[in-house]
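Peer 1: fold the following for me, if possible:
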Amino acid sequence: MTQIAFIGLGHMGLPMAKNLLKAGHEVTGYDVVPEALEAFVKAGGKAGISIAETVKEAALVITMLPEGKHVRAAYEGSQGIFNHIQQGALIAECSTIDIETARHIHKMAESKGMRLIDAPVSGGVTGAEAATITFMVGGTKADFEAILPYLELMGKKIIYCGGAGLGQAAKICNNLILGITMIGVSEAFNLAEKLGLDAQTVFDVTSESSAQCWSITKYCPVPGPLPTSPANRDYTPGFTAAMMLKDLKLASQAAQLASNATPLGEEALSLYTLFCNQGGKEKDFSGIIRFLRGEVET
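Peer 2: Alright, predicted model coming up:
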């Protein structure tokens, strides 16, 4: 049994922490939202009263937070992780954040002689609950191998991407592709409907031909062909449009940092901005198909 600290018990963090509890580890959790902490305690976890108190005896610290600014706040400062974690402990920063923040906390960890990896995830809330998410890991190979047994309790596929910050780079590139392809799939299904094709026929063709992609076969944006997709639940989110917008902004920032053109990414960013501004931010990101039809969320 390992003593684990888990900072951030939101939609993704809570089920991830629960999976560590199920494996028999002692997990102390912390979140600024009282209801999240209460749900964690009901699942068998121990509540921490502050970040400093939560991490002080942990052999492993995991953070799952909304944005880079929250990560910096959790790690730095007098009550931050870096000033209270015990020597030799492992740190897994699993949030999806900007490249600059990821590199910054790696440098801070290195300067303090601490062991940290960046390990953002893909797979959504259902994947977190089922322990089938994918981890994309950046850091030293030794730290990756040390933390791998714990990541395997929360995910199905764990991929070592290279040095510091490259886990975040992989996640940003993955979601850049996802945002673009969902728009392309949505446009095609809308066009097919106007041309007189039914959705099932389009799905049968595209899921078995050169257009095949995750946005079709695992997350089809129209009701009917794929019963498990959010389209069949009025786009109740597995991954909100607001979260997709966040990730496309991260991709745009990363592209500017690398002086690399991403014209389709910029167009996807513009479209998701409009979709969110017209009431779609709490809908699933695949709901952009309705925005492309000219429908406004209410």
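Peer 1: show me how far stretch 46-61 is from its chain's centre.
Peer 2: Relative to its parent chain, stretch 46-61 has a centroid offset of 23 Å by CA atoms, centre = their mean, to the nearest Å.
Peer 1: contacts for it next, please.
Peer 2: Applying CB atoms under 8 Å, 6 or more residues apart in numbering, the external contacts of stretch 46-61 come out as 2-7, 26-30, 37, 40-41, 74, 79-81, 83-86, 88-92, 147, 150. All C-beta atoms are positioned from the backbone trio N, CA, C, and that covers glycine.
Peer 1: over to stretch 32-41?
Peer 2: F6, L9, G10, G13, L14, A17, K18, G29, Y30, D31, A47.
Peer 1: my read is the first one is in a helix, agree?
Peer 2: No - using DSSP: H, G, I helix; E, B strand; the rest coil, the assignment for F6 is strand, not a helix.
Peer 1: out of the helices and strands in this structure, which is least certain?
Peer 2: helix 124-130 (a mean of 90; mean pLDDT, DSSP states H and E).
Peer 1: which helix or strand contains the residue lying closest to T126 once chain neighbours are set aside?
Peer 2: In this structure, T126 finds its nearest non-sequential neighbour in G238, 5.9 Å apart by CB to CB, 6 or more residues apart in numbering. Following DSSP states H and E, one finds G238 outside all helices and strands.
Peer 1: tally of neighbours for G238?
Peer 2: A count of nearby residues for G238, using other CB atoms under 10 Å, gives 20.
Peer 1: need the pLDDT of it.
Peer 2: In this prediction, G238 carries a pLDDT score of 86.
Peer 1: same question for the one 10 residues further on.
Peer 2: Per-residue confidence for L248 comes out at a pLDDT of 98.
Peer 1: what about it, neighbour count?
Peer 2: So L248, with other CB under 10 Å, has 27 neighbours.
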